[in-house]
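**Student:** coordinates only, no sequence provided:
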């Protein structure tokens, strides 16, 4: 898959019942019955055990809920929350509200982690004191697993960097809620994760990259991001409503962001 770990950070196994040091993984799921099992299995296979994997069923109408109830019998750390369909951002916020662990990490229902992901990330956070981290990841074709691209963001990112681009893959991000408190995703139609990264770094917090490449993002054809014009409009609203930028400055950053996407 092309995700070779560059360096691993040794971490003593967590007591999975201890919220003071544990990891809460948040997964929104809407009609995800065809691929959710693999996602749940990748969390269960982590070398560093999780405190809880909170899957929020966002008003699914297929067999997602039944599958989750079955998977709960196999994985005691799996927590299932059901809500009416409100979108991925609202589902993630429901999971954040329920999360008991020190670290909150995100993984969508069609993506997967390699077994060393949390050990590398949490070990790095513990040793460096970082409170918000992200990592490299591979983009692969859903269904075939064919590798399409490897994403390798810079070693650090600040608020100004994130105003002009968002190289952070949501499936790699985690933050320390003991240090930062519970921080929720703004309820924008698109880019809720990017809006949260802006919120975290707005006060000067620096986002730092943990070592290795331990996550696989599956590209699915049916996606909210398929409409580029609507995506630009939604991003503009984040600049205006959530970052309170004046119109001309919002347009300037949107232009720079669009150029960064074209260069990828």
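**Tutor:** Thanks, I have it. Computed from a predicted structure; not experimentally measured.

**Student:** quick one: contacts for the residue nearest to residue 89 when sequence neighbours are not counted?
**Tutor:** Using Cβ to Cβ, 6 or more residues apart in numbering and skipping the chain neighbours, the partner closest in space to residue 89 is residue 192 (3.5 Å). Using the backbone N, CA and C atoms, a C-beta is placed for each residue, glycine as well. For residue 192, the contact set (Cβ atoms under 8 Å, 6 or more residues apart in numbering) comprises 88-89, 92, 185-186.

**Student:** look up how far residue 90 lies from residue 192.
**Tutor:** Separation of residue 192 from residue 90 (Cβ to Cβ, to the nearest Å): 9 Å.

**Student:** how about residue 131?
**Tutor:** Distance from residue 131 to residue 90, counting by Cβ to Cβ: 24 Å.

**Student:** again, but for residue 176
**Tutor:** Taking Cβ to Cβ, one finds residue 176 at 23 Å from residue 90.

**Student:** check residue 165 too.
**Tutor:** 25 Å.

**Student:** could you do residue 82 as well?
**Tutor:** In terms of Cβ to Cβ, residue 82 sits 13 Å off from residue 90.

**Student:** the two: which is more packed in?
**Tutor:** Between residue 82 and residue 90, counted using other Cβ atoms under 10 Å, residue 90 has the larger neighbour count: 19 against 15.

**Student:** what's in contact with whatever helix or strand the more buried one lives in?
**Tutor:** Secondary structure assigned from DSSP states H and E places residue 90 in helix 88-98. Helix 88-98 is contacted from outside by 24, 26-30, 54-56, 58, 79, 81, 83, 104, 106, 108, 182-188, 192-193, using Cβ under 8 Å, 6+ apart.

**Student:** run the last query once more with 6 Å
**Tutor:** Contact partners of helix 88-98, identified using Cβ atoms under 6 Å, 6 or more residues apart in numbering, comprise 26, 28, 54, 56, 58, 81, 83, 182, 184-185, 187, 192.

**Student:** show me which pair in the residues you listed is furthest apart.
**Tutor:** 58 and 182 (19.4 Å; Cβ to Cβ).

**Student:** the two: who's more crowded?
**Tutor:** A count of neighbours by other Cβ under 10 Å puts residue 58 above the other of residue 58 and residue 182, at 25 against 11.

**Student:** pLDDT wise, what is that one at?
**Tutor:** pLDDT recorded at residue 58 is 96.
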